[in-house]
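Asks: make a model of this:
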Amino acid sequence: MSRVRPVAGGGRAVEVAPERLDGWFSRFAARHGGVTSTSVTPDRVLVTAADGATASVAAAFGAFGSPGVFDGLVLDGLLAHASASRVVGLLLVRLGGHSVGVARDGVVLVSATDSRQVHGRNKAGGWSQQRFARRREGQARVALRAAADDAARVLAPRVGSLDAVVLGGDRQALDALRDDRRLAEVFALASPRVLDVPEPRRAVLEEAALRARAVEVVVREPAGNS
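Replies: A predicted model of the protein is given here:
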């Protein structure tokens, strides 16, 4: 089943595997009375249906080719772009764990996964709360340092062979890693999308490798429709 999330300004984003894109857009056209036009720019494909609904895809790996505005549903460029063979870095981080790896076409080739204990917040007050907070901060620093070390070991030496880096997990934890100078080139390759993932484990990394291939289609219904 495709993953769906709400997007700002209304609408939803749907993750669609490259091999399912053609069928997905055919069903979109059928639901909305056909497609009137397909607009292609270097960074976006916009499909407009007869009833005003739109489905757009932002380029995640380089630019789309053959720009222009075409009558009807024209997906050749998008399908070729989505199905191209690629090598991507994966960096999944949450406060208590991380998993990093390199995947080719959805298959993890090399990886490192680790978990660290980081206690939840303490609701008690006074000195006990302060001591607990210091302990938690120390645990968080150790966990994030371990994540940065593994990313520097697994991803940094391979940035020259990567088409992109796909991030996942907690945005605050990821932002903390951006301050590590060893990872500057890694984050320079990062795609804008951040995958929502549970506590990173090897199985979660393997699923993220498949999701990294997926195209995120943003669907907006015509005014007055839910």
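Asks: quick check: phi and psi at residue 49.
Replies: Residue 49 adopts backbone torsions of phi -90, psi 170, taken as degrees, to the nearest 10.
Asks: quick one: it from residue 74, how far?
Replies: 14 Å (C-beta to C-beta, to the nearest Å). In short, each C-beta sits where N, CA and C put it, glycine included.
Asks: looking at the two, which is more packed in?
Replies: Neighbour count, other C-beta atoms under 10 Å: between residue 49 and residue 74, residue 49 has more, with 22 against 18.
Asks: what's the closest non-adjacent residue to the more buried one?
Replies: Excluding the flanking residues, the one nearest residue 49 by C-beta to C-beta, 6 or more residues apart in numbering is residue 32, at 3.4 Å.
Asks: what sits up against the helix or strand hosting residue 37?
Replies: Per DSSP states H and E, residue 37 falls inside strand 35-41. Under the criterion C-beta atoms under 8 Å, 6 or more residues apart in numbering, residues 25, 28-29, 45-50, 64, 66-75, 77-78 lie in contact with strand 35-41.
Asks: and those, which are buried?
Replies: Among the contacts of strand 35-41, the ones that count as buried by 16 or more other C-beta atoms under 10 Å are 25, 28-29, 45-49, 64, 70, 73-75, 77-78.
Asks: residue boundaries of the strands in the chain?
Replies: 4-6, 12-16, 35-41, 44-49, 54-58, 68-71, 87-94, 97-104, 107-115, 164-169, 190-195, 215-220 (DSSP state E).
Asks: can you redo these as CSV with mean pLDDT and distance to residue 147?
Replies: Listed next are the strands of the chain as CSV, based on pLDDT from 0 to 100; distance: least, C-beta to C-beta, whole Å:
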stretch, mean pLDDT, distance to residue 147
strand 4-6, 92, 24
strand 12-16, 96, 25
strand 35-41, 97, 36
strand 44-49, 98, 32
strand 54-58, 96, 27
strand 68-71, 97, 43
strand 87-94, 97, 5
strand 97-104, 96, 4
strand 107-115, 95, 8
strand 164-169, 96, 9
strand 190-195, 92, 15
strand 215-220, 96, 25
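Asks: how many residues are close by residue 169?
Replies: Residues within reach of residue 169, counting by other C-beta under 10 Å, total 25.
Asks: go ahead and confirm residue 202 touches residue 99.
Replies: Yes. Counting by C-beta atoms under 8 Å, residue 99 is a contact partner of residue 202 at 6.5 Å.
Asks: common neighbours of the two, please.
Replies: Common neighbours of residue 202 and residue 99, using C-beta under 8 Å, 6+ apart, are 111, 113.
Asks: no further queries at this time; thank you.
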